[in-house]
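Engineer: just need the structure, nothing else, for what follows:
(4 chains)
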2 protein chains.
Amino acid sequence: MPHKADRDQIRRQNRSIILQALRRDGPLARIELGQITKLSPATVTSITGDLLDQGLIEGFETSEQKEQSTRGRPRSLLRLTPNAAYVVCVRLSVQRLDLALVDYSGQTVAHHSAPLEGNALTSDTTSPRLVHLIRELLTMADAPSSRVQEIGLIAQGAVDVDVEAGTIIWSPAIDGRNTQIVEPLSAAFDAHCTIVNDTNMITEALHWSDPEKYAGTFVVVFLDHGMGMGLYLDGRLFCGANGKAAEIGHTNHMPDGALCQCGKKGCFEAYLSENALSRIALAEPSCDAPSLDAALELAASGNGPVLDGFSGAGRVLGFALARIIAMFDPRRIVLTGRSARALPYMQEGMRSGLEDGLIADLSQNHEIDVAPWDEDYIIRGMAAQAMTRLDLCYKGTAGR
Amino acid sequence: MPHKADRDQIRRQNRSIILQALRRDGPLARIELGQITKLSPATVTSITGDLLDQGLIEGFETSEQKEQSTRGRPRSLLRLTPNAAYVVCVRLSVQRLDLALVDYSGQTVAHHSAPLEGNALTSDTTSPRLVHLIRELLTMADAPSSRVQEIGLIAQGAVDVDVEAGTIIWSPAIDGRNTQIVEPLSAAFDAHCTIVNDTNMITEALHWSDPEKYAGTFVVVFLDHGMGMGLYLDGRLFCGANGKAAEIGHTNHMPDGALCQCGKKGCFEAYLSENALSRIALAEPSCDAPSLDAALELAASGNGPVLDGFSGAGRVLGFALARIIAMFDPRRIVLTGRSARALPYMQEGMRSGLEDGLIADLSQNHEIDVAPWDEDYIIRGMAAQAMTRLDLCYKGTAGR
DNA sequence: GGTATTTTTTTGGACACCAAAAAAATGTTG
DNA sequence: CAACATTTTTTTGGTGTCCAAAAAAATACC
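Structural biologist: Alright, predicted model coming up:
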């Protein structure tokens, strides 16, 4: 049974809609906000008045504005106050540590990126090091640390995470186990801190980048070192009861099949990880250093055995997509990630796998397409998600 | 971006909550409604006043009530007016046609059940026949046909349905193709008519029967003639972009595996349908008429080859469950259906399949349990879903 | 019959929405 | 340059919803 509704909910939701419109479509006049949100001008004035009082938005003037002026009272543009709040994105991958500071208007105002040398981090030093780096970032951007509202930690690579406890159980980048991370960061900045999943952030970013196209129910399949999946179901990100949904790489494709790095047999990743795809190059006996690039070059040159290898991998991918379509019935499946380059050579195999793995009844009403891969997707998705969470923190009018 | 919120939404939602409380917990006094819904007494009086005016609820008196009376103003109970609206459930399976008429209070007030003899229905006669049977049902229950608000059609068996067009493309029970069904029924009774999925209704019924236990994210696996699945994700039924999500029976377990009735190779159903389980009995050479009962009897008597057969089927089921857990990360998986009787003999195989198919990281935080199977689940689920839809039809106070 | 107790209704206030009127700020024109 | 036209923003007034508190209603107890 849903919860009872009250007045505050209305205001909170309408307020959030206005903030989102401003974040998405830049500076806007009140009349435009009214048109976008369908709220009456009176209501827009009332809500933006509150937001101005709270310092979350501010007036904004451009020179362009005056040039193309028409008769009538000129519009007064509003925008999000950039320094009203900040979101920190931390990405910890196997050999790199990236940080980005995103302001309330959605701009990245500072970032830091450095290679991680072996054993640079241990269980004890990780969180102090992150606190230090975040403080440096804040200094660079001249942002007071009290304004940090959200910290998102993206742990990439073969990482074992305990979302509940907020710890990294194991990561190749950290020497040691059970690294406390959420609690120390949260305490240092008095901010909401979460460990998030990279594929989920890509999914969120796609939705944010084009809410028309990436709407309703769609699935993202991420081919990189490993194989990941992100689920956007009925208009929202789906994470499962314990935040561990959308595992596909280590689900079984073939009982007693090829040995996977995880120790089990027949996982999809055993056929579709970057390593697995690289090994296709070995089909050409003269190949001495297998890599995905080597394999792609051989395929481009028309090497038969290598093309057969990609076709076989494509067939496995086809079975994976068939499974996804049957389970989720998405409007769209998006393939992306660094290994998506190999897809052109996998098309035919993919089709055969889809044909053999998918019941005819379901083989239409969905599109499969490839999104160009951009590393920044992850940070953009994280920021968008965190900002949306902020927008819903409504503190009545009593706080004035 | 979510839609703007307005005042009517508040009333609609609170009204709906009160109606649901009354439907779930029988006759209730206003003060009890206030406690359940957390609405103030004043608001409860206001909303129930509207509902009384509209005839959707009515006062109710019992003799019990007076016996255990205490000091103070006595409670005056309210209940849903049984004849305020009706929902019709039609279930068309291979050899039977069942109809049930459910009143606004959730009681089944009339039903009809008859075997379907061969070729009894054709594309042209199906909908007139259904209209006729529904009218008979209404006469039996002395219900005016204008009060029929929702008609739900459950097409069971190997049926091919076009939900968009509201037609049954093909069904073993109907002689002919592309049977128009939603439009004629909808027109005949001026009611909302939908084709629904049986497994989805079981899922809805489980949630309705115990909203505490079956809440949030859970998955129902239905073992019957075939194999079905129902998904309740983040507190609501998930149907996919085209209403065809949750297919599991005809997803691939083993590339180039056992031949399935659908014509493809290696579907789960090829190993787990009632037919497939029945054939386990053939492991005992003396068996002449294979059936699930025969197989279960042989298993009960400790027949080794038959027990091995069930163990093998259990292993396949284990792989299916591993896949479900990885994809959806549910809090609970519920196994039910007529073939659930065979589960005791499949336990060990199931465990081995889960172990080999599920990455260790995910092998906790979920419960797998068996729900007793009751045919009525389907109708109860349908009625609950339809009633909830009705509760949200709020027609302001202007209609008075 | 008066008092205590419990439930229900009424009253009055706060607040969010909207439509319509008013005000503000500019361009256009005679 | 003042009056008018136009567009945006704010204010006003009204409706509807919620709630807290007071009042009313209906019963049991003494």
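Engineer: C-alpha only now, for contacts and for neighbours.
Structural biologist: Noted.
Engineer: how many residues are close by the closest residue to residue A:149 other than its chain neighbours?
Structural biologist: Closest residue in space to residue A:149, ignoring its immediate chain neighbours: residue A:191 at 4.7 Å, by C-alpha to C-alpha, 6 or more residues apart in numbering or on different chains. By other C-alpha atoms under 10 Å in any protein chain shown, the residues close to residue A:191 number 21.
Engineer: now residue A:372: how far from chain B?
Structural biologist: According to C-alpha to the nearest C-alpha, to the nearest Å, residue A:372 and chain B sit 24 Å apart.
Engineer: residues touching that residue, list them.
Structural biologist: By C-alpha atoms under 8 Å, 6 or more residues apart in numbering or on different chains, residue A:372 lies in contact with A:336, A:337.
Engineer: how about it, secondary structure?
Structural biologist: Under DSSP: H, G, I helix; E, B strand; the rest coil, residue A:372 falls in the coil class.
Engineer: then residue A:228?
Structural biologist: strand.
Engineer: that one: what's it in contact with?
Structural biologist: Neighbour list for residue A:228: A:199, A:221, A:222, A:246, A:247, A:248, A:249 [criterion: C-alpha under 8 Å, 6+ apart].
Engineer: just the ones of these in strands?
Structural biologist: With DSSP state E as the criterion, strands contain A:221, A:222 from among these.
Engineer: point me to the residue of chain A nearest DNA strand D.
Structural biologist: Closest to DNA strand D within chain A is residue A:72: 2.7 Å, counting by C-alpha to the nearest atom of the strand.
Engineer: could you look up the SS state of that residue?
Structural biologist: With three-state DSSP as the basis, residue A:72 sits in coil.
Engineer: what about it, neighbour count?
Structural biologist: By the criterion of other C-alpha under 10 Å, residue A:72 has 6 neighbours.
Engineer: follow-up on the earlier one: make CSV out of the contacts of residue A:228 and add distance to residue B:91, neighbour count and pLDDT.
Structural biologist: CSV is the format used below for the contacts of residue A:228 (distance: C-alpha to C-alpha, whole Å; neighbours: other C-alpha atoms under 10 Å in any protein chain shown; pLDDT from 0 to 100):
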residue, distance to residue B:91, neighbour count, pLDDT
A:199, 41, 24, 90
A:221, 38, 26, 97
A:222, 42, 26, 94
A:246, 34, 26, 93
A:247, 36, 21, 93
A:248, 36, 24, 95
A:249, 40, 25, 94
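Engineer: which of the contacts of residue A:228 come close to chain B?
Structural biologist: Checking the contacts of residue A:228 against chain B by C-alpha under 8 Å from any C-alpha of the partner chain, the ones in range are A:246, A:247, A:248.
Engineer: tell me the one of those nearest DNA strand C?
Structural biologist: Using C-alpha to the nearest atom of the strand, those come closest to DNA strand C at residue A:246, 36.2 Å.
Engineer: sorry, back to before: could you dump the ones next to chain B among the contacts of residue A:228 to a markdown table with distance to residue B:330?
Structural biologist: Converted to a markdown table, the ones next to chain B among the contacts of residue A:228 look like this (distance: C-alpha to C-alpha, whole Å):
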| residue | distance to residue B:330 |
| --- | --- |
| A:246 | 11 |
| A:247 | 12 |
| A:248 | 15 |
